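Chemist: Pasting a predicted model and its sequence here:
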Amino acid sequence: MKIDKENNISRLEITIHEGKNREVRKMCEAIGKKVKALHRSKIGKIGVKDLKIGTWRYLTEEEIKSLQN
């Protein structure tokens with residue numbers, strides 16, 4: 001998504017369908033890259049980008065049903 005050659009930093013977007021323990025960090029490590037920060041934008045079909053850090057909300061009935069399927 002973005003490359004800063006001067007500071008040797010890259011920003012990228014990775015989509016995984018089933019997250020395993022530290023999977024993204026391990027994938028990046030396998031190609032010689034270190035992860036400085038991760039940001040989760042969705043869990044299933046539920047977007048979490050509108051939530052402020054440290055906050056939470058109740059799931060709607062529709063969201064609960066989508067997770068149960």
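Modeler: That came through fine.
Chemist: Spatially nearest residue to the residue nearest the centre of the chain (excluding sequence neighbours)?
Modeler: Centroid-nearest residue in the chain: Arg40, 2.8 Å away (criterion: C-alpha atoms, centre = their mean). Excluding its sequence neighbours, the residue lying closest to Arg40 (C-beta to C-beta, 6 or more residues apart in numbering) is Val48, at 6.3 Å. Heads up, the C-betas are built off the backbone N, CA and C, glycines and all.
Chemist: Could you pull up the residues touching that neighbour?
Modeler: Residues near Val48 by C-beta atoms under 8 Å, 6 or more residues apart in numbering: 40-42.
Chemist: re the thing from before, helix, strand or coil: sort out the residue nearest to the centre of the chain for me.
Modeler: Under DSSP: H, G, I helix; E, B strand; the rest coil, Arg40 falls in the coil class.
Chemist: how far away is it from Glu13?
Modeler: Remark: distance between Arg40 and Glu13 (C-beta to C-beta, to the nearest Å) = 12 Å.
Chemist: Can you give me the neighbour number for the closest residue to Lys49 other than its chain neighbours?
Modeler: Closest residue in space to Lys49, ignoring its immediate chain neighbours: Ser41 at 5.1 Å, by C-beta to C-beta, 6+ apart. For Ser41, the tally of surrounding residues (other C-beta atoms under 10 Å) stands at 9.
Chemist: Wait, Ser41 touches Gly47, no?
Modeler: Yes: contact criterion C-beta atoms under 8 Å: Ser41 and Gly47 qualify, at 6.8 Å.
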